[in-house]
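Visitor: What follows is a predicted structure for the sequence shown.
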Amino acid sequence: MTHAAGRQSIFITGAASGMGRETARLFNQKGWFVGAFDVDQAGLQALQAELGAENCLALALDVSSKSQYETAVSAFADATEGRMDILFNNAGIAMRGFFDEMPLEDQLRVVQVNLVGVMNGIYTALPLLKATPNALCFTTSSSSATMGMPLIAVYAATKHAVKGLTEALSNEFRRFDVRCADVLPGLIRTGMPSDDLLANAPAGGPFRVIEAIEVAETVWQAYSSDILHWFVPAELADLDKAAGNTPEILRDKLGKHMTV
């Protein structure tokens, strides 16, 4: 049976690819025990083979299912003797298009994964976080949580919700000595953005293409910090300020670049 043997441990959703996979690799290199969870079982198997079964618990998980989450957390707790140093709520999906032209059922699935999935994770894993000194509840939000972005309206709404949830729980969970933070990445070279978006991205600035490893390194930094919101790249913090100060100006700028 896979066992952490006293090592620090991280529970990662969406671990089979992209930011989750790079985070698993990085924390494995740092000597941590990795819990890798995803709906992509083939990707998980490849990751576990790479990291070594003695270093990685890999299980299928649909984060929108609370019962599946309970099973995953229970297996993780067995492997770590009830320890969870970081919960990394990273799993997410997106749909691109005009709100009125996409099936509502498909858009509700985005809500189930991106928001309900995060709530499932935090609620279910909290006993382990509370039992672990200096634990961190860390969640992937998005640059679209700075301002609602056209063509990904529901995705942006879920990421705004995740940001607000993180802010609220960062105070509530002080009762347990559990920290909360999130990362707000821009355009990341993963399987989520289309090839056209990546190809047409600017060479510099807040919407340049970033690599998934940059987010993984942010998770590592966040564990030793009390910073609430991590912007990747850092220039996105300016966009967040602009959205708060002059949302109408930013709205009109974004409206000029609506191409499906």
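Guide: Alright, I've got the coordinates. Fair warning: this is a prediction, and the values are worked out from it, not measured in the lab.
Visitor: Excluding sequence neighbours, find me the nearest residue to residue 225.
Guide: Among residues not flanking residue 225 along the chain, residue 181 sits closest, at 7.7 Å (CB to CB, 6 or more residues apart in numbering). For the C-beta atoms, the positions are set from N, CA and C on the backbone; glycine is no exception.
Visitor: Residue 45 too?
Guide: Per CB to CB, 6+ apart, closest to residue 45 is residue 58, 6.7 Å.
Visitor: for residue 167, same thing?
Guide: residue 228 (6.8 Å).
Visitor: ok, how many other residues are close to that neighbour?
Guide: Using other CB atoms under 10 Å, residue 228 is surrounded by 14 other residues.
Visitor: re the thing from before, could you grab the helix/strand/coil label for the residue nearest to residue 45?
Guide: Put simply, residue 58 is strand when judged by DSSP: H, G, I helix; E, B strand; the rest coil.
Visitor: Would you check that it makes contact with residue 43?
Guide: No - using CB atoms under 8 Å, residue 58 makes no contact with residue 43, being 9.2 Å away.
Visitor: neighbour-wise, which of the two wins?
Guide: residue 58 (24 against 19).
Visitor: and that one, what does it touch?
Guide: 15, 36-37, 44-45, 47-48 (CB atoms under 8 Å, 6 or more residues apart in numbering).
Visitor: Low-confidence ranges, this protein, go.
Guide: 1, 189-206, 257-260 (pLDDT under 70).
Visitor: So which residues of it form strands?
Guide: 9-13, 33-38, 56-60, 86-89, 136-140, 179-185, 187-188, 209-210, 229-232 (DSSP state E).
Visitor: Now the longest helix along the chain: buried residues?
Guide: Longest helix in the chain, counting residues (DSSP state H): helix 153-172. Across helix 153-172, burial judged by 16 or more other CB atoms under 10 Å covers 153-163, 165-166, 169-170.
Visitor: just stretch 36-48 next, same as before
Guide: Buried residues in stretch 36-48 (16+ other CB under 10 Å): 36-40, 43-44, 47-48.
Visitor: okay if I get these as CSV plus distance to residue 119?
Guide: What follows is the buried residues of stretch 36-48, written out as CSV (distance: CB to CB, whole Å):
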residue, distance to residue 119
36, 21
37, 16
38, 18
39, 18
40, 22
43, 24
44, 23
47, 25
48, 27
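Visitor: can you name the two of those that are farthest apart?
Guide: The most widely separated members of the buried residues of stretch 36-48, counting by CB to CB, are 39 and 48 (15.3 Å).
Visitor: coming back round to it: which among the strands of the chain is found nearest to residue 96?
Guide: Across the strands of the chain, closest to residue 96 is strand 187-188 (CB to CB), at 12.7 Å.
Visitor: need the contact list for residue 89.
Guide: Taking CB under 8 Å, 6+ apart, one finds 13, 63, 117-118, 121-122, 137-140, 162 in contact with residue 89.
Visitor: Just list whatever residues bridge to it.
Guide: For residue 89, the beta-bridge partners are residue 139 (DSSP bridges).
Visitor: what does residue 210 give?
Guide: Under the criterion used (DSSP bridges), residue 210 bridges to residue 188.
Visitor: thinking again about what came up before, quick one: the residue nearest to residue 167 from residue 150, how far?
Guide: 27 Å (CB to CB, to the nearest Å).
Visitor: now swap in residue 10 and tell me
Guide: 35 Å.
Visitor: Residue 251 too?
Guide: Distance from residue 251 to residue 150, by CB to CB: 9 Å.
Visitor: Neighbour count: the two, which is higher?
Guide: Set residue 251 next to residue 150 and count neighbours by other CB under 10 Å: residue 150 wins out with 18 against 13.
Visitor: So that one sits against residue 252, correct?
Guide: No - taking contacts as CB under 8 Å, residue 150 lies outside contact range of residue 252: 11.2 Å.
Visitor: how near is residue 53 to residue 210?
Guide: 31 Å.
Visitor: More neighbours: which of those two?
Guide: residue 210 (19 against 11).
Visitor: Would you mind stating the distance between the more buried one and residue 186?
Guide: On the measure of CB to CB, residue 210 and residue 186 end up 6 Å apart.
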